[in-house]
Every structure is written in structure tokens, then in C-alpha cells.
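Student: Show me the folded form of this:
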Amino acid sequence: MTTEKSEILKLNNNTFEYELKQAKGPVLVDFWAEWCGPCKQMDPVLGKLAEELAGEATIAKVNVDESPALAQKYGVQSIPTFLVFKDGVEVSRKSGVTSPDGLKMLLD
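Tutor: Below is the predicted model of the structure:
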């Protein structure tokens with residue numbers, strides 16, 4: 001697995017499907033870009049959530065500039081967009097800056 005210090009998975013076209021299948025529990029995927037101010041605003045929120053939910057849920061990121069096919073496949077038209085997958089199937093989504101509680105609600 002590709003993990004950063006905060007245990008946020010970095011996914012791309014090659015690793016997305018595999019990591020979704022390997023994950024235990026729900027997976028929250030943040031579709032983002034380096035140039036996106038609101039996306040950067042969400043970084044500390046996601047880091048905190050990853051620590052808080054370690055072992056219960058997986059937090060992951062997809063850079064839409066590096067993996068545009070994934071963004072297109074899942075109909076991501078604005079960023080940040082958060083998709084939640086359970087057993088490899090999308091179960092919920094939300095776009096825009098979101099509170100930690102809002103993200104937790106998506107995961108439930």
C-alpha cells in the first residue's frame with residue numbers, strides 16, 4: 001500500500017480498483033488537485049479523520065490532474081468531491097468543503 005505519514009492512501013488509475021478491494025470498511029476518496037484552494041483547505045481535516053478512523057475506515061486521495069480517467073469514470077465535475085465506497089461500490093458523495101462531521105456522516 002502507498003501511504004503517507006497521515007495514513008492517507010494516494011490512489012491512481014493503476015491502484016484504485018485494487019486498493020478498494022483490499023480495504024476493510026468504507027473508503028472515503030477525495031478527488032482533488034494541487035491548484036485547488038478548497039482542496040488544500042481539506043488536507044488537515046482528512047489527516048485528522050484518517051487518524052481518528054484508523055482501522056475503521058480508509059481515507060484516500062485521487063489527484064484529478066494525474067488520473068483524469070478516474071474523475072471521468074465517476075462523474076467528478078467539481079473538486080473537492082468526496083466519494084464513499086463500500087465493498088467497491090459507491091454509496092454516497094459530496095462536493096465542496098465539508099466539515100469533519102459531514103464527512104463522518106457520509107461514511108455511516
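Student: Model confidence for Met1, exactly?
Tutor: Here the pLDDT value assigned to Met1 is 41.
Student: Report the contact partners of the residue of the chain most remote from its centre.
Tutor: What lies farthest from the middle of the chain is Trp35; by Cα atoms, centre = their mean that is 17.0 Å. Neighbour list for Trp35: Asp65 [criterion: Cβ atoms under 8 Å, 6 or more residues apart in numbering]. Where C-beta positions appear, they are placed from N, C-alpha and C, glycine not excepted.
Student: Could you check which helix or strand contains it?
Tutor: Assigned by DSSP states H and E, Trp35 falls within no helix or strand.
Student: tell me the phi and psi of it?
Tutor: Dihedral pair for Trp35: phi -80, psi 0, per degrees, to the nearest 10.
Student: Same check on Leu9?
Tutor: phi -70, psi 140.
Student: helix/strand/coil for the closest residue to it other than its chain neighbours?
Tutor: Distances taken as Cβ to Cβ, 6 or more residues apart in numbering put Ala60 closest to Leu9, at 3.9 Å, once the chain neighbours are dropped. Under DSSP: H, G, I helix; E, B strand; the rest coil, Ala60 falls in the strand class.
Student: dump the residue contacts of Ala60.
Tutor: By Cβ under 8 Å, 6+ apart, the contact set of Ala60 is 8-11, 19, 27-30.
Student: Buried ones among those residues?
Tutor: Using 16 or more other Cβ atoms under 10 Å as the burial test, the contacts of Ala60 include 8-9, 11, 19, 27-30 as buried.
Student: Format those residues as TSV; extra columns: pLDDT, distance to Pro44 and secondary structure.
Tutor: Output for the buried ones among the contacts of Ala60, formatted as TSV (pLDDT from 0 to 100; distance: Cβ to Cβ, whole Å; DSSP: H, G, I helix; E, B strand; the rest coil):
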residue	pLDDT	distance to Pro44	secondary structure
Ile8	93	11	coil
Leu9	94	17	strand
Leu11	97	20	strand
Glu19	93	23	helix
Val27	96	20	strand
Leu28	97	15	strand
Val29	98	18	strand
Asp30	98	12	strand
